[in-house]
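In: Dropping the sequence and predicted coords here.
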Amino acid sequence: MRVAVVPGSFDPITNGHMDIIERTSALFDRVVVLVAANAEKNPSFTPEERVLLIEKCIGKYDNVMVDCFDGLLVDYVKQVGACAIVKGLRAMSDFEYEFQMALYNKKLYPEAETLFMTTSTENLYLSSSGVKSIARYGREVSDFVPAVIADQVLERISQVKGDK
Ligand code: PNS
């Protein structure tokens, strides 16, 4: 069985992530969407909240599941026997960082390949941080995240602003 891991912060999941997940699910037997810690980011949603949001979005895919892991990505990849790490690339600006991570991951666990998938043109500008900036000011985000979670994301992020 060919298993792919689609890792990310998913803080929160966007339509851009969903596009990568859907296209990966057509290429592999099983896909694990992995909520992983990015030491350089200060997330707005807890890992458990991000997993719950993702669960609501992936129901229609039989071969996609979600998990979270606080450790090195390659250790998780090895644990689940995945052969590939799939990441979406929006622009050249994503490339340098992603390429560096791919090389570290290859060195740490040569058995898995990192595959970069080109983001669909309609999602090129999307980012979780952009979505949060909009939600923080109370504007709905249903154009940018799956409809099933749009209200929840807006409510949660605008609350964070209200608390400050
Ligand atoms: O959505 P992001 O923030 O671009 O995802 C980055 C992520 C979470 C995939 C990356 O930071 C990661 O793999 N974190 C787990 C820890 C790890 O393995 N770090 C070493 C990579 S060089």
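Out: Structure received.

In: Does residue 31 lie in a helix or a strand, and which?
Out: strand 30-36 (DSSP states H and E).

In: contacting residues around the next helix-or-strand element following that strand?
Out: Reading on from strand 30-36 to the C-terminus, the next helix or strand found by DSSP H and E is helix 47-58. Outside of helix 47-58, the residues that reach it under the criterion C-beta atoms under 8 Å, 6 or more residues apart in numbering are 9-13, 18, 21, 33, 35, 37, 43, 45, 64-68, 70, 146, 148-149, 152-153, 156. To be clear about C-beta, it is placed using only N, CA and C from the backbone, and glycine gets the same treatment.

In: ok, which residues in this structure are in contact with the ligand?
Out: Among all residues of the chain, those adjacent to the ligand (criterion: C-beta under 6 Å from any ligand atom) are 7-9, 36-38, 41, 72-73, 101, 104.

In: and these, which are buried?
Out: Restricting the residues of the chain next to the ligand to buried positions leaves 7-9, 36, 73, 101, with burial counted as 16 or more other C-beta atoms under 10 Å.

In: okay if I get these as CSV plus secondary structure and pLDDT?
Out: Formatted as CSV, these follow (DSSP: H, G, I helix; E, B strand; the rest coil; pLDDT from 0 to 100):
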residue, secondary structure, pLDDT
7, strand, 98
8, strand, 97
9, coil, 96
36, strand, 96
73, helix, 98
101, helix, 97
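
In: Closest one to residue 160 out of those residues, please.
Out: Ranked by distance to residue 160 (C-beta to C-beta), these are led by residue 9 at 16.1 Å.

In: so that closest one makes contact with residue 35?
Out: Yes - with contact taken as C-beta atoms under 8 Å, residue 9 and residue 35 are classed as touching, separated by 7.4 Å.

In: Show only the entries of the contacts of helix 47-58 found in helices.
Out: Filtering these for membership in helices, criterion DSSP state H, returns 18, 21, 148-149, 152-153, 156.

In: Going by neighbour count, which of these comes out on top?
Out: Neighbour counts for those (other C-beta atoms under 10 Å) peak at residue 153, which has 27 neighbours.

In: Leaving out chain neighbours, which residue sits closest to that one?
Out: With C-beta to C-beta, 6 or more residues apart in numbering as the criterion, residue 153 has its nearest non-adjacent residue at 5.2 Å, and that residue is residue 12.

In: How confident was the prediction at that neighbour?
Out: In the predicted model, residue 12 carries a pLDDT score of 98.
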